[in-house]
Every structure is written in C-alpha cells, then in structure tokens.
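> this is a predicted model, with the sequence first.
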Amino acid sequence: MTSDTPTRARVLVVDDAATVRLYHSSLLTDAGFEVSEAANGLEAVEAALGAEFDLFVVDVNMPKMNGYACVESLRSETVGTAAPVVMISTEDRPGDAERAYRAGANLYLVKPVAGDRLVRVAGMLTAVEVAA
Amino acid sequence: MNPLLAQFLAEANDLLAQVDEGLLQLERVPGDPELVNEVFRAAHTFKGSSGLFDFPELTRLTHAAEDLLDAVRGGRLALDSQMTDDLLAAFDLIRGWLAHVTAHERLPASAGGDAAGLITRLRSPLGGGDTAPAAATAGVPAPVISAAPDWLAWFDAEWLTEIAAWLGTTSSTMRFVHYTPDTDCFFRAEDPLHLVRQVPALERLGLVQPPAWPDPEDYDEYTCLISFVVATRAALGELDYLFRYVPDQIEIVELDAGAITRHLSGEPPLTAEEPVTVAITPMIDTELAADARAVLRAAHSALTMEGVVNEGPRLRSVRHAVTAAARALGVPVDLAESGPDELLATVARLAGEAAPAPAMAAPMSDMSDVAVPPPPPMVVPADAPGRADDPGGQVGTRVLKVDQEKVDRLMELVGELNVAKNGLTFLADAAEEEFGSRVLSRRIKDQYAGMHRIAEELQAAVMDVRMLPLSVAFGRFPRLVRDLSRRLGKTIDLVTEGEDTMADKDVIEALGDPLVHLVRNSLDHGIETAEERLAAGKHGAAKLTLAAVADGDAVIVEVADDGRGVDPERVKRKAYEKGLISEEELETLTDTEAVDLVFRPGFSTADQVSDLSGRGVGMDAVRASVEKLGGTVTMRSKLGQGTSTRLRLPLSMAVTQVMVVSVAGQRFGIPVDLVVETVRVPAGEMSRVLHQEVVMMRGEVVPVVDLARALDMPWTLAEGADRPILVVSVNNQRVGLLVEQFHREVDVILKPMEGLLAYADEFSGTALLGDGLVLLVLNMKEVLGLAARVA
Amino acid sequence: MPLELHEETANLVGVVTVDEVEQLAGWLRTAKRPKVSLRRCNHLHTGALQALLLFKPKISSAPNDAFLAAQVLPLLTGSNGPAHKQGSDPP
C-alpha cells in the first residue's frame, strides 16, 4: 500500500565533521527531505549500496575515503547511482571544482554554504525523477 | 544553547585533544606522516565547523594553524619546536575562547587582538609574504555575502562583468574594500597608497575622486581628497590585519557573482559622496537561476573533459542535473535518450537563453511554477534526526555525549529516591505501631526491599556512568612536563601507567590540582639538572612516573621521580627553625616521620619560592585537599634516589552515609565513618578538666565539644537535662559532640560547597534531603579546630 | 633625489615620499605642459598621486614597478575606472 502523500526526497549527507553534518542534515530535514548521514566516503558507499538516494551532499576532505574517491565509487558500475551529487569543500583551490566534476559531481560549492542555498539547490536537483 | 553550537563545542573538545596529543607525539617522532595528517585533519575539521558560526577570529586563527600544518604535511616545512609552541599556544587560546563561548555563546571581546600576534607568528614560517597565502585562503571565513555597496560603481563595469562570470563559474567569492583615508592622514605619516599596495592578492584597484577638485591655486597638497576601492582574493582576516590601524576608514564586503550581477543590472552608478544604502531584498528566483546556471556550468565542464561523461551512471547523472537546472530556469527540456554531444548542445543553448545580461534586470520570468522549497528557518530542531532503522544512517560506535550536569542531576535524583525509599521503613513501623496492622507493615517492608534493590542498582548504574579513566587526569601532564622541563632546562621522560583505571568523575576532577602540584614540585625541586645527574652517576634524563592502580574501593595514584630525594636531616632542621617541631622531636623523629613534615602547614623545602611551584601553596594544601576527598597522602623518599608520593582516594565519593543531628533547630550531617556511638549522659555525670567538659566512658576521658558553640549558634541546653552526645573518632581521638537531637542515618550525594559558603571550611559539602531541605555536612577536623579556638 | 625637475619634464625616481609632495605640486602648478616619467619610480606617496590626478600631466613613460604599472598607471591615464571618472558632479 502506498500513501497519498508523495515520497520525500532522500538525501545522504556525507561529512566527517559531526557539526557540519548536523547542520546540513537539520537544514534539509527542516525543508522536508528525508536525510541519512555518513561520516566518511566508505560509509557513504556502503549506504548507497544498501538504499536508493535522490541526492548526495558530499564533503571533500574526509578520512578513510575522501570525497573525490567517494563520488568516483558512487558513479562506478558497482554502485551505479545517477542521482545528483553536490560536493562541498572547505577549500577553494584552483582545480578542485574540475576534480569534483571529473569524479562525477554535478555541483561544487565552497563551505560554509548558506543554509538557504543548500536547500534551494537540493530542491532544484530533486525536483525531477532520477533516471533509472 | 543552540544544539548545533552544543554539538560544535562537544566536537571541538575532542578535536583539540587530538591536536594537542598529536603535536606532542610529533615532537618525539618528527615528520611521522600519519601523525601530521591526523593533526592536520583535526585542525581542518575544526576550522570547517567553526565557519558555521559567527566566530571570525576563531576561523581565522584555526585557518592560520591549518595552513602551517598543511605546509608540514606537504613536506614544505619541517615542524620545529617554535612552531609547535605557536601551534599549542594557538589551540590553548582557542580552548580559552571556547570556554567563554560555552558560558556566553560568543567569543571574548579581546579575541581579535589576542589572535593577531599568533596569526602572524603562525604565518611567518610560510613566508607570510604579500601574495603567498592568498591563493589558499580565498573564501574561507564565513562568507556572509553582502549586498553590493554603491561604491562598487567605482570599478569599471566591464571588469565587474568579467569577474562576476568568473566567480559564478567557480562558485567563489571576492572581498571588496572601500578605503576612505582621513583628510589629514598625511600629517600622521600615513600613506594610503602604500597600504593599498600591500593588499595580498590584489585583483583590482579603483579610485574614488572627490566630487569636485579645488582650484589649483587653492589646492592644499597635504589634504587627502581621494579614496580607494580594492578588489582582492585575500581572506577577511588578512585584510582586517593589514588595515588594523585604520579600521574606521575601511569598509569590507564579500560578494559573489549574484551580488555583483544584481549591482550591474540594478542600480545606476552612484557618486561616492552620496552614500545611499540600498537594501537589496534577496530574490529567490534569481538566486535559484544562479544556482541552476552553476549546475549547467558544472555539466559543461564535465562534458568537455575527455572521457569523463560517456555512458552509464555518469551520463545519466549529467542528464538529470541538466534537466533539473533547465526546469529551474523555466525552460524544461526532455533529454531522455540524449548522448554527451546532444547534452553539450543543450547546455550551450540553455546557457545562452538563460544567461544573465548585466544591463538587464533579472531575466527570470516564468519562475512561479517552479517548486522552490521555502527557505528553512535557521533554528535547528532540538532533536537531531537519526533513525535506527535507516540503512544509510550513521555507522560506527554509538557514543552518547551527555552533559555532566545531566549526570549530576541523575545522581541527585538517585539520592532523593534513596531518601524517599528510607521513608518506607518509618511508614512500616507506623503501620504496625499506630494502626496495629502487622500485615500491612510486612507488605510495606517487602515493597521496601524490592525498591531498595532497584535503587541500589540504579545508583550503581549512574555511578558507572560517572566513572572516567584516570587518563583524563593524566592527560594534561605530557604538555605540562614538556613545557616546564624546557623552561627549567631539565630532561625528563614522563611515564604514565594505569591510565585505564576508573574512578568517579568528581574524584578525577578533584585530583587535578593536587597532581599538578606534586608534578610541579617534583620537576622544580626533586629532579636535578642533567649535569647534576651525570655528576651523581645517574642517567642524564630523569624519569617521572604517574601511576594509577585500583585497590578495592579506592584508587591509588602515585607520582614518583628518580631525583635527589628529600633530605630528612635538612627537613628536620628546617622544621625546627620554623618552630614546627620541638628540640626533642629534632632528635627523636625517624626519617619517615621527618619526610612527613613537608606536609605540615607553613613548611616549604625550597630555599626560595620558584615561579613554577607557585607561592604560598605547599604540600600542606595537597594533603588538605586530598583529605577533603576522604583520602590520604603519604610520601616516601630516599636521599639521592628519588621521591614518591602516594595518594589514596575513594573510587567514588558520590554517596556518603551521614548521621543527621540537629543543633539549635538546624540539622547537620556527620559522616557515619567517623561516628563511634551515640549516648545520652545524665547531666550529673558530666565533669570538667581545666576548662574542658569531659565525660567518662568505659574508663576513658572523652572531651565533649558543644557543637552549637563551635559553630557560633545561639543555643543552650536546659540545666538538668540529659546530654545527647555523639562520639566521633577523628585522628584516632575520641571526641564527644554535644547536640540537641539525634536523627537517622541517610545516604546522601555530597556536593561541594558553592558560592558564599565555598570558603567555609567547617563544611565539607551540602546534600539535598528527601524533604527538600539542604543538609550541611560537617568537616569534623575543621569543626574541632574551631572548637579549640573558641575555648 | 626622487624628483628630477626640468622645465617641462619631471622624472620621479625611487620612492617619492610625503616630503617631495609640496615640491612636485609646486612644479605641476607652474609648468605649462608638464610631462612626467614614472619609469624609475618604485612608489609614490598618495599625496603625489593626488597631485598628478589634479594637474593631469602627460605621463611620458610607464613605471617599471609592477604594482604602479598594473594598478596605478591606469588610474592616471583613465583606462581603468568608471565611466564618470571625472567625478565632479553626479551624472
């Protein structure tokens, strides 16, 4: 049985900093998203293997598996998700955005991202169905 | 407190500890890449999180520290002890700030000034030049995007258009400075242009000319008429620092592509002399369009990279992103089967259609049907999301961080439960005696037994939560020993053992000061310099051991060094000179007793007070504070071989059994451990020896102290009445306390004295009773001292 | 000497400090068709820049100094700035 209410978009927030994670996830939760969290790239990949997400918000600098490697893995045939990925970095170094896009991200933002911008971008990117 | 801030503070504590520990280890194993990386990561995470709050100084300082660590990590710099000192100092300062934040939710007012020097020092090994740090620092402090100020018009529009496009592509921001020098600044030896040329990563300089130049004849060349506008990639902190002497002449804004575009499309250029504050209301539609264009640019980048987007998930994700962006721009597209080339063409077409024209107002028209989530309220919900059944939920150990205060509150409640539970026994007695129901009495007692068991388990569980490893108390010593040994020029190896031993948090906390004192004492007086040690045939590096071991319901903590030891003869002579011992004792005291003299008030072995061990606080203070916790201190020493000081403390001091008595209508608690017996002595059996009231008990003369008098309370017992006397044993001496009335024994949670009473030594703490009354618990040693002085 | 003043031409050399400003302004005031060479100038005091802006001498040669060349020279020659660079009255 499905309910009448539309399914809420599912977002995976990946960041090793607990504070940032809480910030991003509470912003998105307040905006009506269904949010899960992962503390590093590896956890994110594991999560993506176990469930479908409509959007990934991924930090760049993380232990175990960094953001670029994480996004590469999400786009690999093993995980194979076509859901949009927003990478958020603390750094604004030349070439970082390019590296993010090369890895498979769809947008690269520099931290800290204003709350309304994150929600706006998330809303925009999840407004259309993810192609199977 | 905002839960996000609370989370940050909790996380910050851990990160700071990691940084400290890592830095100290790094000094021992210089260049260990794993360690450097760990420290860097902690600092990096810390900086990232700090950016969420309005603590610009904090972000700036951590950023400087992070840059230095990054250079070390990248092998561009070798970490030396000066850098370590600066880094430690930076994180110490931060720790202080966070304490202030915890209390006031903002940084101390002095933060900017305190940080400035450190930032310079941290940056100096990096070459701290005009441009070096700029590239790495752009856009780091919380970029509060300002509305474009009117003085932006002093930059040429063409350049602004270019820079807006570039900022948009890179989703970055730039700092813009309006510098209006005082007209008489030349007289103060200021040269504004010289300051401007020092702006790091200067992108563009613009000039604000006066609204009217004076006639050449009237021109005063010493009046500054011009001002400057500057665009730079330098961080706000660097700009604040550069312009620190002229802060009132400076206006800095941080702008992104959107703000500049709005400026270009909106207001007409204004002259500098007519400052008009233009409030630009954020237009969600336009911002959404800017975001959509950013997504299109990203897609364009990816699509034009060789072999990045060809098929599979990558192609599908770009298709998805472009579709979403197109929809947001109000030009929906169907890209169902598009390949990379078609996608690229679509992106180019969309970019053309939806490009922001600088001269035009925001071109978004059909935006009303686009689903835009409302901007979220900035209040973070009290309970953070987290579902156990969520496959993508957080993995890893689930450690719950709880405020100490909450645990304390739990402990208080356990205490209250104990008291309330004890009330049941009285009820049982009353049921039998007053209402004659033995059955009811039995049932109440059964009920009591059940509750008693649960209360005990609950108490044990809460006590367990309060248990902390000794490593918490030992944690500060590597740093302390390192700093002090460097200052003293001594070489010391610190060895810690038994850090895993657990003790109640109050014990751990209370242990802090005595331990610091003992360690400092050891470093200052016990341990010799390397030369002295070598001359004495010892190893040049001294060994200082901090060890903890559990011993039944007590924990033993030992501070031991292999230094010069205590000279019993010298101690005795000194004690005699100070009048602490008699001539007879000087002859008869054993070496062990002599060493114990260092704990006497007024004794100090150091010939002169050094700045390390502090002034006026001696070993007597250590003994007093340990005894206040119900512990003991002993010292053993061998001349020439070293000293060890042993603290024995109760594992837990949370629950104390006290006997409640009352005097002058006021109730007091006396630790049950000290109580020998309670007696009622007929008035006639009291006698006097000299001025001291005494009572004969089983052939022993026991002095009797009037508790009311000792505490200076107005109360006298009726002449012929029996004397209620509580006999206690203090320092192996029996003393009778004359009280008004005995009450029951209760289990209480002893809390240290606070506020005005904190200095009242005659009380060891307060406890809340079941009926809500606050019970003062007596420190018998002090009370007897008071009584002796009163008599 | 930071100022080499001739009848119609001046060379600004090295660092022009506040002490040279009065002399420079005096020269600019009296010279009929002043021409200023910044080639060897490493820095000029704000007061000197202001005098150059007011009297608008012809800049005969560009400075070698990178900052002056990239950021300050355009201000003097009018190739870098808002359209209303004369700034006398609101447009």
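Thanks, I have the structure now.

> who are the packing partners of the helix ranked longest in chain A?
Longest helix in chain A, counting residues (DSSP state H): helix A:18-30. Judged by 3 or more Cβ pairs under 8 Å, 6 or more residues apart in numbering or on different chains; DSSP states H and E, helix A:18-30 is in contact with strand A:10-14, strand A:34-38, strand A:55-59, helix A:115-125, helix B:3-28, helix B:33-50. To be clear about C-beta, it is placed using only N, CA and C from the backbone, and glycine gets the same treatment.

> tell me the buried residues in the helix or strand hosting B:E585?
Element membership for B:E585 (DSSP states H and E) is helix B:583-588. The neighbour-count check on helix B:583-588 (16 or more other Cβ atoms under 10 Å in any protein chain shown) flags nothing as buried.

> next, B:V507: phi, psi?
phi -70, psi -50 (degrees, to the nearest 10).

> who's in contact with the closest residue to it other than its chain neighbours?
Spatial nearest neighbour of B:V507, chain neighbours left out: B:L649 (5.4 Å); criterion: Cβ to Cβ, 6 or more residues apart in numbering or on different chains. With contact set as Cβ atoms under 8 Å, 6 or more residues apart in numbering or on different chains, B:L649 has these partners: B:A503, B:V507, B:A510, B:L511, B:A554, B:V555, B:I556, B:V557, B:V626, B:L629, B:G630, B:G631.

> check these and tell me the two furthest apart.
B:A510 and B:I556 (15.1 Å; Cβ to Cβ).

> who's more crowded, the two?
B:A510 (21 against 18; other Cβ atoms under 10 Å in any protein chain shown).

> and the host helix or strand of that one, what's buried?
Using DSSP H and E, B:A510 sits in helix B:505-521. Using 16+ other Cβ under 10 Å as the test for burial, helix B:505-521 gives B:505-508, B:510-511, B:514-521.

> what do you get for stretch C:33-42?
Those would be C:P34, C:V36, C:S37, C:L38, C:C41, C:N42, for stretch C:33-42 by 16+ other Cβ under 10 Å.

> just put these in a markdown table and tack on pLDDT, distance to chain B and secondary structure.
As requested, the buried residues of stretch C:33-42 are exported to a markdown table (pLDDT from 0 to 100; distance: Cβ to the nearest Cβ, whole Å; DSSP: H, G, I helix; E, B strand; the rest coil):
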| residue | pLDDT | distance to chain B | secondary structure |
| --- | --- | --- | --- |
| C:P34 | 89 | 12 | coil |
| C:V36 | 91 | 15 | strand |
| C:S37 | 90 | 19 | strand |
| C:L38 | 91 | 13 | coil |
| C:C41 | 90 | 12 | strand |
| C:N42 | 89 | 10 | strand |
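
> quick revisit: same for the helix holding B:E585, what does it pack against?
helix B:568-577.

> which bits of the stretch 201-350 of chain B sit near chain A?
Contacts of the stretch 201-350 of chain B with chain A, taken as Cβ under 8 Å from any Cβ of the partner chain, map to B:284, B:287-288, B:291-292, B:294-295, B:298-299, B:301-302, B:305, B:308, B:312-314, B:316-321, B:323-325, B:327-328, B:336.

> in its sheet, what does the helix or strand hosting the residue nearest to B:V507 sit against?
Following DSSP H and E, one finds B:L649 within strand B:642-650. Using DSSP bridges, strand B:642-650 pairs in its sheet with strand B:554-561 (antiparallel), strand B:632-638 (antiparallel).

> quick one: the longest one to helix B:505-521, angle?
Inter-element angle recorded for strand B:554-561 and helix B:505-521: 10 degrees (by axes from the mean of the first three to the mean of the last three Cα atoms, to 10 degrees).

> now do the last one
Computed by the same axes, to 10 degrees, the angle separating strand B:632-638 from helix B:505-521 equals 30 degrees.

> can you name the residue of chain C nearest to chain A?
C:A70 (20.4 Å; Cβ to the nearest Cβ).

> assumed that residue was part of a helix.
Yes - assessed by DSSP: H, G, I helix; E, B strand; the rest coil, C:A70 belongs to a helix.

> which residue is the nearest non-sequential neighbour of the spatially most central residue of chain C?
By Cα atoms, centre = their mean, the mean C-alpha position of chain C lies nearest to C:L52, the distance being 3.8 Å. Setting aside the residues directly before and after it, C:L52 is nearest to C:L76 in space (Cβ to Cβ, 6+ apart), at 5.8 Å.

> what's the pLDDT at the one you found?
What the model reports as pLDDT for C:L76 is 86.

> element containing it?
With DSSP H and E as criterion, C:L76 is part of helix C:73-77.

> in terms of secondary structure, what does that helix contact?
Looks like helix C:73-77 contacts strand B:202-208, helix C:46-55, strand C:58-61 (3+ Cβ pairs under 8 Å, 6+ apart).

> and B:A550, which of these is closest to it?
Going by Cβ to Cβ, the one of the helices and strands packed on helix C:73-77 nearest B:A550 is strand B:202-208, 63.8 Å.

> do the closest one and chain C meet?
Yes - judged by Cβ under 8 Å from any Cβ, strand B:202-208 comes into contact with chain C through B:L202, B:R204, B:L205, B:G206, B:L207, B:V208.

> redo these as JSON lines? Include neighbour count and pLDDT.
Below are these laid out as JSON lines (neighbours: other Cβ atoms under 10 Å in any protein chain shown; pLDDT from 0 to 100):
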{"residue": "B:L202", "neighbour count": "21", "pLDDT": "84"}
{"residue": "B:R204", "neighbour count": "19", "pLDDT": "88"}
{"residue": "B:L205", "neighbour count": "24", "pLDDT": "90"}
{"residue": "B:G206", "neighbour count": "25", "pLDDT": "88"}
{"residue": "B:L207", "neighbour count": "25", "pLDDT": "87"}
{"residue": "B:V208", "neighbour count": "22", "pLDDT": "86"}
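
> just give the nearest non-adjacent residue to B:A165, would you?
Per Cβ to Cβ, 6+ apart, closest to B:A165 is B:A257, 7.1 Å.

> quick check: B:V39 touching B:Q18?
Yes - here B:V39 reaches B:Q18: they are 7.2 Å apart, a contact under Cβ atoms under 8 Å.

> more neighbours: which of these two?
B:V39 (27 against 17).

> low-confidence stretches in chain C?
C:1, C:78-91 (pLDDT under 70).

> show residues contacting the helix holding B:E585.
B:K572, B:R573, B:A575, B:Y576.

> ok now it, how far from the chain's centre?
Remark: helix B:583-588 is offset 51 Å from the chain centroid, using Cα atoms, centre = their mean, to the nearest Å.

> next structured bit after it?
Assigned by DSSP H and E, the successor of helix B:583-588 is helix B:591-596.

> export that next one as PDB, just CAs?
C-alpha atoms of helix B:591-596 as PDB (Å, rounded to 0.1, in the frame of the first residue of the first chain):
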ATOM      1  CA  ASP B 591      63.400   9.500  58.700                       C
ATOM      2  CA  THR B 592      59.900   8.600  57.600                       C
ATOM      3  CA  GLU B 593      58.400  10.900  60.200                       C
ATOM      4  CA  ALA B 594      60.800  13.600  59.100                       C
ATOM      5  CA  VAL B 595      59.700  13.300  55.500                       C
ATOM      6  CA  ASP B 596      56.100  13.600  56.600                       C
END
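
> mind listing what's buried in that helix?
Under the neighbour-count rule (16+ other Cβ under 10 Å), helix B:591-596 has B:D591, B:A594, B:V595, B:D596 buried.

> do I have it right that B:L737 meets B:S729?
No - the pair B:L737 / B:S729 is not scored as a contact, 11.5 Å apart, by Cβ under 8 Å.

> who's more crowded, those two?
Per other Cβ under 10 Å, whichever of B:L737 and B:S729 has more neighbours is B:L737, with 26 against 14.

> and B:V730, how many neighbours does it have?
So B:V730, with other Cβ under 10 Å, has 12 neighbours.

> equivalent analysis for B:L400, please.
B:L400 has 5 nearby residues by other Cβ under 10 Å.

> B:R60 contacts B:A235, doesn't it?
Yes - in this structure, B:R60 is within contact of B:A235 by Cβ under 8 Å, at 7.3 Å.
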